[in-house]
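Chemist: predicted model follows, preceded by the sequence.
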Amino acid sequence: MTVFSAFTDQQVITDLTQSVPDGLVVTDSDTLREYSFSSRMTDDDSGLALAVVRAHSVPDVQGTLDVARKYHIPVVTQNQFTSTVIGADGLAGSIILSTKDMNQIIEISKADSLAVVQPGVINGDLDAAARKQGMFYAPDPGSKKISGIGGNVATNAGGMSTVKYGATKDNVLGLKVVLADGRAIKVGGRTLKQAFGYDLTQLFIGSEGTLGVVTEVTVKLLPIPLGQSAVGIAFFDNMTRLADAVAAIRISGVYPTMLEALDAPTIAALDQYEAPTTAITVAPC
Ligand SMILES: Cc1cc2nc3c(=O)[nH]c(=O)nc-3n(C[C@H](O)[C@H](O)[C@H](O)COP(=O)(O)OP(=O)(O)OC[C@H]3O[C@@H](n4cnc5c(N)ncnc54)[C@H](O)[C@@H]3O)c2cc1C
């Protein structure tokens, strides 16, 4: 099928270049492929983008969205591109708007127990910076070392400690977002108690970039608990007894940060992967 267009790709790229004051507009084919297709999964819906914008500032984000609106081009927001559900893959002819270079920790406040960060800050880097001041950032997806806070917000990422500390949605106080029409808005704030009005912050969390581009995130930090941490392992004959034990532990008054259940095939696979040098012999509970 022949598709006629009222504009050329070059027109869009020239306009983008003029509209992105601080960042980079990249159009070489290697980069387009790298940013368009995640290695984890292939999908017929993924397609080669027309351009990648590496935003460095809010005006870069606004300029990109202005151009996309003008030419009716889809925009895929991308951060550290770890998505396991192809949420950040390119679409044919789209603009990929990457926020991974917006990666500054703007503030860590011990007094207010919070941090203000740009979306590209890696989850583990924020946690490490907070720990230097006696606090920590709780959400711990398996991608902690490689995913960014902006992507965590857009996917409402959670991990092993979610049962105790909640997922990303439970640890975000406020956001700055650029909407599709270019308006920069602020939702939420810096306080734990935000009792009145619509909770627009929660609306953006988990929205996979469909409602706007997150440009700043204010997150809760928690004090590192006192005392030594303890790690234990228990073996069970069956999953029912394991589930009973989990319930008993959770109401015991000792609320563990993480509980993980592994079945026999998983343990065997891990043993094979890690090739342990020492064997553990245990009796079942
Ligand atoms: C090894 C591994 C382990 C994982 N373990 C877990 C886990 O335990 N729990 C869990 O919940 N998830 C897990 N994930 C998924 C992971 O948490 C998400 O991929 C991550 O949160 C996405 O962050 P990112 O910075 O890579 O964003 P990307 O992958 O780049 O983007 C993810 C989504 O967010 C949107 N987005 C990105 N940036 C912005 C922005 N600035 N504004 C608005 N929208 C934006 C994108 O459009 C896309 O829809 C895992 C992933 C991997 C690779």
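Modeler: Structure's in. What do you need? Bear in mind that the values here come from a model prediction, so they are computed numbers and not experimental data.
Chemist: up against the ligand, what does the chain have?
Modeler: 76-84, 87-88, 99, 119, 141-143, 147-148, 150-152, 154-155, 157-159, 208-209, 213-214 (C-beta under 6 Å from any ligand atom). Where C-beta positions appear, they are placed from N, C-alpha and C, glycine not excepted.
Chemist: switch the cut-off to 5 Å
Modeler: Within reach of the ligand by C-beta under 5 Å from any ligand atom, the chain has these residues: 77-84, 87-88, 99, 119, 141-143, 147-148, 150-152, 154-155, 157-159, 208-209, 213-214.
Chemist: now, of these, which are buried?
Modeler: With neighbours counted by 16 or more other C-beta atoms under 10 Å, the residues of the chain next to the ligand contain buried members at 77-83, 87-88, 99, 119, 141, 143, 147-148, 150-152, 154-155, 157-159, 209, 213-214.
Chemist: just the closest residue of the stretch 151-285 of the chain to the ligand, please.
Modeler: Taking C-beta to the nearest ligand atom as the measure, the stretch 151-285 of the chain has Gly151 as its residue closest to the ligand, at 2.0 Å.
Chemist: for the stretch 51-200 of the chain, what spans make up the helices?
Modeler: Across the stretch 51-200 of the chain, reading from the start of the chain, the helices by DSSP state H, counting those that start in this stretch fall at 58-71, 123-131, 149-155, 162-165, 200-204.
Chemist: which residues does the fourth one contact?
Modeler: Spelled out, it's helix 162-165. For helix 162-165, the surrounding residues in contact (C-beta atoms under 8 Å, 6 or more residues apart in numbering) are 138-140, 171, 222, 255-259.
Chemist: list the contacts for Asp127?
Modeler: Applying C-beta under 8 Å, 6+ apart, the residues contacting Asp127 are 136-137, 140, 144.
Chemist: ok, 10 Å please
Modeler: Asp127 makes contacts with 115, 135-140, 144-145, 221, as judged by C-beta atoms under 10 Å, 6 or more residues apart in numbering.
Chemist: now do it against the ligand, distance only.
Modeler: Taking C-beta to the nearest ligand atom, to the nearest Å as the criterion, Asp127 is separated from the ligand by 14 Å.
Chemist: then Met135?
Modeler: 21 Å.
Chemist: tell me, how many residues neighbour that residue?
Modeler: Using other C-beta atoms under 10 Å, Met135 is surrounded by 21 other residues.
Chemist: hang on, isn't it packed against Pro223?
Modeler: Yes - here Met135 lies in contact with Pro223, judged by C-beta atoms under 10 Å, at a distance of 5.7 Å.
Chemist: who touches both of these two?
Modeler: Between them, Met135 and Pro223 share these contacting residues under C-beta under 10 Å, 6+ apart: 110, 113.
Chemist: could you list the low-pLDDT ranges of the stretch 151-285 of the chain?
Modeler: Confidence mapping of the stretch 151-285 of the chain against pLDDT under 70 gives the ranges 276-285.
Chemist: quick check: strands, which of the residues of the chain next to the ligand are part of them?
Modeler: The strands in this structure, assigned by DSSP state E, contain 77-78, 213-214 from these.
Chemist: and these, which two are the farthest apart?
Modeler: The largest distance within those, taken as C-beta to C-beta, falls between Gln78 and Val214 and amounts to 11.9 Å.
Chemist: who touches both of those two?
Modeler: Both Gln78 and Val214 are contacted by 99, 148, 150-151, 154, under the criterion C-beta under 10 Å, 6+ apart.
Chemist: so what's Ala154 up against?
Modeler: If a contact means C-beta under 10 Å, 6+ apart, then Ala154 has 77-79, 83, 87-88, 99, 119, 148, 168, 204-214 as its contacts.
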